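Chemist: need a structure here:
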Amino acid sequence: MAESVSAFDKQIGGDHYKKLAIQPFEFIERNRLGFAAGNVIKYLCRYRTKGGLEDLEKARHYLDLLIELETDLEVLGDALMAIDEETCTTGEQHD
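Modeler: Numbering: from 1, shown residues only. Now for the predicted structure:
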């Protein structure tokens, strides 16, 4: 009976991840990072052995997306807190 090989022990399309101490996919999954943060990790891990400067630019793009998203969420959160505080002090509810 043949032994099954873990998907972590093989790589399709090169070996740039297998050379790392921990594969980006495993790190991303174990830390429950989302798509954009995961791509930042992926591109930073492989830029020296695969995509060079282009991979760094891709990592920066995903980091910029994360910063924009977090900024928008912070602004939205502040607005919701202001509405909630107003409701608590005036008793009025907004639709």
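Chemist: And what about I12, helix, strand or coil?
Modeler: coil (DSSP: H, G, I helix; E, B strand; the rest coil).
Chemist: For V40, see how far away it is.
Modeler: I12 sits at a distance of 22 Å from V40 (criterion: Cβ to Cβ, to the nearest Å). (C-beta placed from N, C-alpha, C; glycine too.)
Chemist: Compare these two (neighbour count), which wins?
Modeler: Between I12 and V40, V40 has the larger neighbour count (other Cβ atoms under 10 Å), namely 21 against 5.
Chemist: That one: helix or strand, and which one exactly?
Modeler: Assigned by DSSP states H and E, V40 belongs to helix 35-46.
Chemist: Now do that helix: everything it contacts.
Modeler: The contact list for helix 35-46, computed with Cβ atoms under 8 Å, 6 or more residues apart in numbering, reads 16-17, 20, 24-25, 27-28, 33, 51, 55-56, 58-59, 62-63, 65-66, 69.
Chemist: Same check on stretch 5-17?
Modeler: By Cβ under 8 Å, 6+ apart, the surrounding residues in contact with stretch 5-17 are K18, Q23, P24, F25, E26, C45, R46, T49, K50.
Chemist: which among the contacts of helix 35-46 end up buried?
Modeler: H16, Y17, P24, F27, I28, L33, D55, K58, A59, Y62, L63, L66 (16 or more other Cβ atoms under 10 Å).
Chemist: Please report how far the fifth one lies from A36.
Modeler: The one in question is I28. Distance of I28 to A36, computed by Cβ to Cβ: 11 Å.
Chemist: name the helices or strands packed onto the lowest-mean-pLDDT helix or strand in the chain?
Modeler: Of the helices and strands making up the chain, the lowest-confidence element is helix 53-90, at a mean of 88, by mean pLDDT, DSSP states H and E. Applying 3 or more Cβ pairs under 8 Å, 6 or more residues apart in numbering; DSSP states H and E, one finds that helix 53-90 contacts helix 35-46.
Chemist: got the CA positions of the helix it packs on in CSV?
Modeler: Extracted C-alpha coordinates of helix 35-46, given in CSV (Å, rounded to 0.1, in the frame of the first residue of the first chain):
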residue,chain,number,x,y,z
PHE,A,35,-7.1,37.2,1.8
ALA,A,36,-5.3,40.5,1.6
ALA,A,37,-3.0,39.9,4.7
GLY,A,38,-2.3,36.4,3.4
ASN,A,39,-1.2,37.8,0.1
VAL,A,40,1.2,40.3,1.8
ILE,A,41,2.8,37.3,3.6
LYS,A,42,2.9,35.2,0.5
TYR,A,43,4.6,37.8,-1.7
LEU,A,44,7.1,38.8,1.0
CYS,A,45,8.1,35.2,1.5
ARG,A,46,8.7,34.5,-2.2
